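Student: sequence first, predicted coordinates after that:
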Amino acid sequence: MTDERVSGNRLRTLGASALLLFLILFFVGMVTDWVIMPLYTRHGAEKPVPTFEGMTVLQAKTLAEDEGFRIIEEPAKIGGNAPEGTVLEQRPLPGSFSKPGRVIHIVPARAGTASEIPDLTGLDQRTAEVECRNLGLLVSPSGTSYDFSAIVPKGGIVRQRPAPGSPVISGQAVLLTISLGPRPNAIIVPTLIDLSLHEARQAILESGLKLGEITRKETNIFTAGTVIAQSLTSGTEAEQDTEVDLVVAIPEAEPSDSLEETPPPQAD
């Protein structure tokens, strides 16, 4: 029995030693694979990615080949003033570090599709904007103006730029003038207090007046971004294109918690 017990203890000791050796070798292998080898393979191999933007696709591919990178060309996008076929975007960005052989994705520019802008005059604003979007044209609120018209009903298109039949390309801006309806005998200044600045601007333009100077005043009584004063009294009459100045609320600055320390009294 004693010999059997000794043999069992030896077997258990050998098993524990083998397990410990296995764990050590496993740990060393993991460290080698995850830390040492990546550091070894990447050491001194990464280099900055060249700037391909502004080059032609052919130039970009030639430079990429010389630097050891590979180019993948993504679908082209409308490039505004960029010549067709030049690189608009790239990933990774220029100057970022990457190993040779890495794929660089580039997006070339394409020209907008040429067409003629239809006659939008007389259409309501929403229909005209849909017509423009279908042609890939842009209608910006900042490019929209208003004017009185005895012919075009209120909300319709009085004028457009480019003119009907003009050649246009995708991405081009269109300026629309919206009818305010027949000119009234007198323009009544709208109530702008408590409106947001955007709402007040729209109300001013739609009344036939113009937005004047905008000043901002700190207050916690009114909601930030709303109009708290206007230069023309609401309900009064004014001439067309008269400017209306606005005062817009902004939050009061929080008082500083830092107080100047009073120096200790000097000893006599």
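Tutor: Yep, it's here.
Student: per-domain residue ranges of this protein.
Tutor: The record's domain parsing of the chain by automatic domain parsing lists 47-110, 115-179, 187-250.
Student: just the helices in the stretch 51-200 of the chain please.
Tutor: In order along the chain, the stretch 51-200 of the chain carries the following helices (DSSP state H, counting those that start in this stretch): 57-67, 125-134, 197-206.
Student: out of those, flag the one nearest L21.
Tutor: Of all these, helix 57-67 sits nearest to L21, with 46.8 Å by C-beta to C-beta. Yep, even glycine has a C-beta here, placed from its N, CA and C like the rest.
Student: sorry, back to before: and the helices of the stretch 51-200 of the chain, which is most packed in?
Tutor: Most buried of these, by mean neighbour count (mean count of other C-beta atoms under 10 Å): helix 197-206, with a mean of 17.
Student: so how far is that one from its chain's centroid?
Tutor: 25 Å (C-alpha atoms, centre = their mean, to the nearest Å).
Student: can you name every helix or strand that it contacts?
Tutor: Counting contacts by 3 or more C-beta pairs under 8 Å, 6 or more residues apart in numbering; DSSP states H and E, the secondary-structure elements packed against helix 197-206 are strand 145-147, strand 210-218, strand 227-230, strand 243-250.
Student: now tabulate those strands in TSV and tack on mean neighbour count, distance to L23 and mean pLDDT.
Tutor: Output for the helices and strands packed on helix 197-206, formatted as TSV (neighbours: other C-beta atoms under 10 Å; distance: least, C-beta to C-beta, whole Å; pLDDT from 0 to 100):
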stretch	mean neighbour count	distance to L23	mean pLDDT
strand 145-147	16	78	91
strand 210-218	12	68	93
strand 227-230	19	73	96
strand 243-250	18	65	95
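Student: mind checking which of those is nearest I24?
Tutor: Of all the helices and strands packed on helix 197-206, strand 243-250 sits nearest to I24, with 66.7 Å by C-beta to C-beta.
Student: distance of G156 relative to F148?
Tutor: 12 Å (C-beta to C-beta, to the nearest Å).
Student: OK, contacts around E73?
Tutor: The contact partners of E73, by C-beta atoms under 8 Å, 6 or more residues apart in numbering, come to 57, 106, 108.
Student: for the first one, which non-adjacent residue is spatially closest?
Tutor: This means V57. When the adjacent residues along the chain are set aside, V57 lies closest to P108, with 5.3 Å between them (C-beta to C-beta, 6 or more residues apart in numbering).
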